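Peer 1: Provide a 3D model corresponding to the input given below.
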Amino acid sequence: GMKGVSCLAWRPCSASQLAVGCMAGVMVWTVDPTSMVSRPSTSCVSKLLRAGHSPVTSLAWSPCGRLLASGSPADTNLVIWSPSSETCEPLRRVGGGGVSLVRWSGDLGRLFCATPGSTFRVWSTGEWSCERWTVGGGRGRVAAAQWSPDSSQLLFATTEEPVLYCVSFMGVGEAAI
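Peer 2: Numbering: from 1, shown residues only. The predicted structure is shown next:
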């Protein structure tokens, strides 16, 4: 079932699909926005489940709505779902713990992924390679993050410092803080 809900994300370019991260994994609900029914039927939900990928605590749709990224602090894989076909591709990496926060850039080019620890990664979605970063001095973790409207900068805040950080992406493979 859908217990322990921790995040919600409307599918872009869709007025009727809502992804829900919960203890079991990801549930994608299709709801009729004009319906007066307050409790949609279970026939309106598709379950995106993967062994070991729970609880899901962060979701991010690609801006076009074709892909859905999900993160679980208990799974070292960042999972990229294709909800239309109910298939997924786990992005494996070495070290750094699970996934606590995901944010897709508006241009589809990058995907931010934070761990429950001090590590975070920025994935290049073209070849699905990533750069690994550590929060200053390894103290604290990323608490919140957001891409700039033009996708050239990633702003984030940590749990331990009263500072807003900015990572600028100049070109392919180039970044500066």
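Peer 1: who's the most centrally placed residue in the chain bridged to?
Peer 2: Here the mean C-alpha position of the chain is nearest to the C-alpha of V102 (CA atoms, centre = their mean), at a distance of 2.8 Å. Listed beta-bridge partners, V102: C113 (assigned using DSSP bridges).
Peer 1: Quick check: which ranges of this structure have low pLDDT?
Peer 2: For the chain, applying pLDDT under 70 flags the ranges 36-40, 94-96, 171-177.
Peer 1: go again using 80 as the cut-off
Peer 2: Applying pLDDT under 80 to the chain picks out residues 1, 32-43, 92-96, 136-138, 170-177.
Peer 1: shouldn't the residue nearest to the centre of the chain be in contact with S72?
Peer 2: No - V102 lies out of contact with S72 (CB atoms under 8 Å); the separation is 10.4 Å. C-beta: built from backbone N, CA, C; applies to glycine.
Peer 1: list residues touching both of the two?
Peer 2: The contact sets of V102 and S72 do not overlap (CB atoms under 8 Å, 6 or more residues apart in numbering).
Peer 1: what's near enough to touch the closest residue in space to A9 that isn't next to it in sequence?
Peer 2: Leaving out its chain neighbours, the residue that sits closest to A9 by CB to CB, 6 or more residues apart in numbering is L59, at 4.3 Å. By CB under 8 Å, 6+ apart, the residues touching L59 are C7, L8, A9, A19, G21, V26, L68, A69, S70, G71, V102.
Peer 1: List the strands paired with the helix or strand L59 falls within, with their directions.
Peer 2: Per DSSP states H and E: L59 is located in strand 58-61. Strand pairing for strand 58-61, determined by DSSP bridges: strand 68-71 (antiparallel).
Peer 1: could I have the partner strand exported to PDB, CA atoms only?
Peer 2: What follows is strand 68-71 as a C-alpha-only set of coordinates in PDB (Å, rounded to 0.1, in the frame of the first residue of the first chain):
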ATOM      1  CA  LEU A  68      11.200  10.100 -13.400                       C
ATOM      2  CA  ALA A  69      14.200  10.000 -11.000                       C
ATOM      3  CA  SER A  70      13.700   8.500  -7.600                       C
ATOM      4  CA  GLY A  71      15.900   8.300  -4.500                       C
END
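Peer 1: what's downstream of it, the next helix or strand?
Peer 2: Downstream of strand 68-71, the first helix or strand assigned by DSSP H and E is strand 78-82.
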